[in-house]
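S.K.: Below is the sequence, then the predicted model.
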Amino acid sequence: MLVSSSRDRHGGEPEASATRAEWNELAASASHRQRHPSPSRPRRRAKPPVNPDHPGTPPAHTRGQQIRRLVLALFLVLVVMPTTLLGVAYWSAEIPDPNAVQTNQIATIFTSDGATVIAKVVPPHGNRVPVPLTDVPLPVRQAVLSAEDRNFYSNPGYSTSAFLRAARDNLLGRDDAGGGSTITQQYVKNAFLSSERTLSRKMRELIISAKMAREWSKDEILAAYLNTIYYGRGAYGISAAAHAYFGKSAPELTLAEGAVLASVIRTPSLLDPETHLDQLRARWAYVLDGMVEMGTLTRDDRAATQFPLIIPGTASDDGTPRGPEGLIRAQVLRELRASGISERELNTGALQIITTIDAKAQQGAQTAVGNALSGQPSELRSAVVSVDPRSGAVRAYYGGPDGIGFDFAQAPLQTGSAFKTFAVVAALEQGIPLTYQLDSAPLTVNGEKIQNVGGESCGTCSLGEAFKRSLNTSFYRLSGTLFEGPKAIADAAHQAGIPDQIPGVRGKTLTEDGGGPPLPAIVLGAYSVRPIDMASAYATLAASGAYRAPYFVQKVVTGDGRVLLDRGAAPGGSEQRIQADVADSVAQAMLPIAAYSNGHGLAGRPSAAKTGTTQLGTTGQNKDAWMVGFTPALSTAVWVGTEQPQPIRTARGAAIYGSGMPSDIWKQTMDAALAGTPVDQFPGPAPVAGNPPANSNYDILNPPTPAPAQEPVLVIPPAPAPREVEIFPGLSVPVPG
């Protein structure tokens, strides 16, 4: 029998205790129960030990438990989760068939005959026209492997060390993060991914590369790479690069040439042979030495290999020619977008773009400018635009020598006396005939004296004669004679084809700031007009007053034969802007001017023309010189000036006038463009009110003395302290602003 014990109230010893035999029996029974618990009685959960410092709360975990939990968490975050994500990404990545990869393709811009290439349009992500690997000589392929991936045929499509370096460099924020990719990775990046330098992009690159290496053969990957990578000079793909650097096809490449192309892959802009030839030579030597190390080139062959001759570059990175054709390309692209041809169609359609540019006329314009400016001051610039009056097609276009530079054919420029033509149109529309007599004596306006160049005068002579001689005083009087004066001249110019607004220029053309009416100085060409607009407006006169908007693109066909655009013979139709009898009478009045301007009549055919010259402020020196003229088949505007306003002089120091260098360019351009074509005659004008009938014996510029007529009143509206500009030596007139 077990006797329980208890302490007294004061904590004394137990009053009684069990015998030793009873204690032994009790211990044996407890031990048995622990080894063989009773199935009928559930085991009671032991209570956690009490924390002696904070009664009622469980004790803190041991350090070992904390470390184990931290390791588990890190394992989940750093191993399990990334592995799972990588597995999902690998499983979901879609690798297309090598032959099903959509390719960007170059669009080609041709002259009107479809035979001469003007320029190419390289897609932003490259030209990927497939070239069979067998077209690439084996030494060229080996040079590329030496430069970019010497273990290409043995690696799994990616480089673990390169990935780790990229991860490290991105975490450290280094600018050159992400380098050291295999050829497979480079192809994946160019064909499927962006160029952003982030760890996530690098991980996607690694995953797709690994899967591609299992699904594509190494030769398929190398072929895709060679046709995708950028080689500089606007060349995407080995075939384009062979033409850009050596003027030959890919199968014709030599070992030395292939090593050059392999060398530029890494940094094309920094290894351009025209700007960094020494660096390119060093990289070229590295590539050849690598081939020796790879065992694909013997040391003797390496020593015998010479650096090849590289042809001059002709295009920028996007395919823009470095010559004047690049400016034509810009106008073509602008027109394509305005016509609704999408960027996708432009980049993937292998478009054949037939322009309106006539190869003979274009070459004539470029040759004429080259001849005229050769040996002249380097600051001189020129613009030439030729337009077909019967359609509006632009046949020749020269906006400057730099294909990616400023386009002077689109520049607003003061036209000088070439604008007097529209004053004659306005006069005839108001019933003032070419026989109308005008005083050519000097006159004073707002205290400023207006006179003619060199003091020339015809006394009182006909409007036709004053037009031929370009007498400023007569035309200034004419502007005051017209109803609404300067505004009537501006309206006539707009009718002919001078636009109301110029893209990129605020406000309306031929007006004062804020849209106010023009000043009388408009008759002397004080307001700015573009060369292309002058050619178009004069083409309206050549077409008997029928306006046709100028355009560059005739037809667009995709590589598979679909026609996206075809303007036909009359793309936009015509709009009769000026009465035919008025336009034809103006043309007749302009017939003698080309020959009168230092003998610049065309070879064997009649032409109508007008010169113009403007001056640089009050310096008395010229800054713009023009010649604009036409036949029934072609209208051409020529401008000569400088990029920044400054005096224009020849190499001998003589001032340049419209009847000089611009007329030389105009005549040579027109003669070249029209050579071998039928000689077109101008239509005789129908009778205009106040004009005599046209006949073979009548000289429109020197008519018989008409019956005395009452002199119209000269109206010169007062202007509060206008700004004066000297247009010609001794001639100062109010000008815009």
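M.R.: Noted; the coordinates are in hand.

S.K.: Where does pLDDT dip in this protein?
M.R.: By pLDDT under 70, the weakly predicted segments of the chain are 1-61, 80-104, 124-130, 160-180, 191-203, 314-319, 570-572, 685-737.

S.K.: So what's the residue count around Gly601?
M.R.: 18 (other C-beta atoms under 10 Å). The C-beta positions use only the backbone N, C-alpha and C, and glycine is treated the same way.

S.K.: ok, for it, nearest residue in space, not its chain neighbours?
M.R.: Nearest non-adjacent residue to Gly601, counting by C-beta to C-beta, 6 or more residues apart in numbering: Ala595, 3.8 Å away.

S.K.: distance of the one you found from Ala235?
M.R.: 50 Å (C-beta to C-beta, to the nearest Å).

S.K.: What of His494?
M.R.: His494 is 46 Å from Ala235, where distance means C-beta to C-beta.

S.K.: more neighbours, the two?
M.R.: When His494 and Ala235 are compared for neighbours, Ala235 comes out ahead with 27 against 17, by other C-beta under 10 Å.

S.K.: mind listing what the more buried one touches?
M.R.: Going by C-beta atoms under 8 Å, 6 or more residues apart in numbering, Ala235 touches 127, 241, 243-245.

S.K.: redo that, cut-off 6 Å
M.R.: Contact analysis of Ala235 by C-beta atoms under 6 Å, 6 or more residues apart in numbering lists 241, 244.

S.K.: Look up how far Leu133 lies from Asp219.
M.R.: Distance of Asp219 to Leu133, given as C-beta to C-beta: 6 Å.

S.K.: In terms of secondary structure, what does the strand or helix carrying Gln65 contact?
M.R.: Secondary structure assigned from DSSP states H and E places Gln65 in helix 63-75. When contacts are defined as 3 or more C-beta pairs under 6 Å, 6 or more residues apart in numbering; DSSP states H and E, helix 63-75 packs onto no helix or strand at all.

S.K.: Only alpha carbons, please: show it as CSV.
M.R.: Provided in CSV are the C-alpha atoms of helix 63-75 (Å, rounded to 0.1, in the frame of the first residue of the first chain):
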residue,chain,number,x,y,z
ARG,A,63,19.7,28.7,-32.5
GLY,A,64,19.9,25.4,-34.4
GLN,A,65,16.2,25.6,-35.2
GLN,A,66,16.5,29.1,-36.4
ILE,A,67,19.4,28.3,-38.7
ARG,A,68,17.5,25.3,-40.1
ARG,A,69,14.4,27.4,-40.9
LEU,A,70,16.6,30.1,-42.5
VAL,A,71,18.3,27.6,-44.7
LEU,A,72,15.0,26.1,-45.7
ALA,A,73,13.6,29.5,-46.6
LEU,A,74,16.7,30.4,-48.7
PHE,A,75,16.5,27.0,-50.4
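
S.K.: which secondary structure element contains Ile328?
M.R.: Per DSSP H and E: Ile328 is located in helix 325-338.

S.K.: can you check Asp584 too?
M.R.: Here Asp584 is assigned to helix 580-590, by DSSP H and E.

S.K.: buried sites along that helix?
M.R.: Neighbour counts using 16 or more other C-beta atoms under 10 Å place 581-590 of helix 580-590 among the buried residues.

S.K.: downstream neighbour of that helix in the secondary structure list?
M.R.: Scanning forward in sequence from helix 580-590 by DSSP H and E, the next helix or strand is helix 593-596.

S.K.: Tell me the strands beside whichever helix or strand comes after that following helix, with direction?
M.R.: Moving toward the C-terminus from helix 593-596, the next helix or strand (DSSP H and E) is strand 608-615. Strand 608-615 pairs in its sheet with strand 622-630 (antiparallel), by DSSP bridges.

S.K.: Who are the packing partners of the very next helix or strand once past the strand it pairs with?
M.R.: Downstream of strand 622-630, the first helix or strand assigned by DSSP H and E is strand 635-642. Contacts defined by 3+ C-beta pairs under 6 Å, 6+ apart place strand 635-642 against strand 380-387, helix 531-542, strand 622-630, helix 661-674.

S.K.: tell me the domain ranges of this structure?
M.R.: 125-304, 365-708+726-734 (automatic domain parsing).

S.K.: Dump those into CSV; add distance to Ala119 as well.
M.R.: Converted to CSV, the domains of the chain look like this (distance: least, C-beta to C-beta, whole Å):
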stretch, distance to Ala119
domain 125-304, 10
domain 365-708+726-734, 8
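
S.K.: Can you say which of the ones you listed is nearest to Leu336?
M.R.: Closest to Leu336 of those is domain 365-708+726-734 (C-beta to C-beta; 6.3 Å).

S.K.: just how off-centre is that closest one within its chain?
M.R.: With C-alpha atoms, centre = their mean, to the nearest Å as the basis, domain 365-708+726-734 stands 30 Å off its chain's centre.

S.K.: repeat for stretch 181-191
M.R.: The answer for stretch 181-191 is 28 Å, by C-alpha atoms, centre = their mean.

S.K.: Touching it from outside, list them.
M.R.: Contacts of stretch 181-191 (C-beta under 6 Å, 6+ apart): 148-149, 152, 155, 157-159, 162, 205, 208-209, 213, 221, 224-225, 228.

S.K.: Okay, and which of these map to helices?
M.R.: 148, 162, 205, 208-209, 213, 221, 224-225 (DSSP state H).

S.K.: Please identify which pair of these lies farthest apart.
M.R.: Ala162 and Ala224 (19.7 Å).

S.K.: what about these two, which has more around it?
M.R.: Neighbours per residue, other C-beta under 10 Å: of Ala162 and Ala224, the larger number sits with Ala224, 24 against 17.

S.K.: Excluding covalently adjacent residues, which one is nearest to that one?
M.R.: Tyr187 (5.5 Å).
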